[in-house]
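1. quick check, what structure comes out for this input:
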Amino acid sequence: MLKFETVAVVVRDEKKATKFWKDKVGFRVVTSWPHWVTVGPPGANVHLHLCPDSRPEKGNTGYLFATKDAKREEARLRSKGVKITKPTKKEEWGTIFWFADPDGNEFQVVEF
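-> Modelled structure (predicted):
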């Protein structure tokens with residue numbers, strides 16, 4: 001089953017945005033890698049992905065779901081008639097696939 005993981009927010013400066021969310025709003029930094037900083041309130045299951053000065057790729061909604069088994073989840077969605085736009089692929093940082101809704105909006109699913 002899918003669960004929400006992150007929602008993308010476009011920012012001009014990743015470091016300034018991180019400082020704002022941490023120091024002003026009181027969020028904690030969940031991950032901090034180059035081009036992948038996430039923040040969220042303590043105890044939250046969904047985090048903000050601070051995307052520096054860029055727009056999501058065409059069709060990409062910026063929503064990221066998580067699952068424990070990407071291949072199984074992809075197969076489940078396919079069996080329901082969901083369009084898989086990028087099949088499950090193992091990257092150096094993890095495993096991911098993409099699917100689209102009927103309007104062409106794309107969503108990412110990462111395996112955790």
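
2. for Trp93, give its distance to Pro34.
-> Here Trp93 is placed at a distance of 11 Å from Pro34 (CB to CB, to the nearest Å). Heads up, the C-betas are built off the backbone N, CA and C, glycines and all.

3. okay, and the beta partners of the residue nearest the centre of the chain?
-> Nearest to the geometric centre of the chain sits Leu64, at 2.8 Å (CA atoms, centre = their mean). Residues in a beta bridge with Leu64, per DSSP bridges, are Thr6, Gln108.

4. does it touch Thr31 like I think?
-> No - contact criterion CB atoms under 8 Å: Leu64 and Thr31 do not qualify, at 11.8 Å.

5. mind pulling up the pLDDT for Tyr63?
-> pLDDT for Tyr63: 91.

6. now it. Nearest residue, chain neighbours left out?
-> Computed as CB to CB, 6 or more residues apart in numbering, the closest residue to Tyr63 that is not its neighbour in sequence is Phe107, at 5.3 Å.

7. check contacts around the one you found.
-> 61, 63-65, 98-101 (CB atoms under 8 Å, 6 or more residues apart in numbering).

8. of the residues you listed, which is the nearest to Gly40?
-> Leu64 (12.9 Å; CB to CB).
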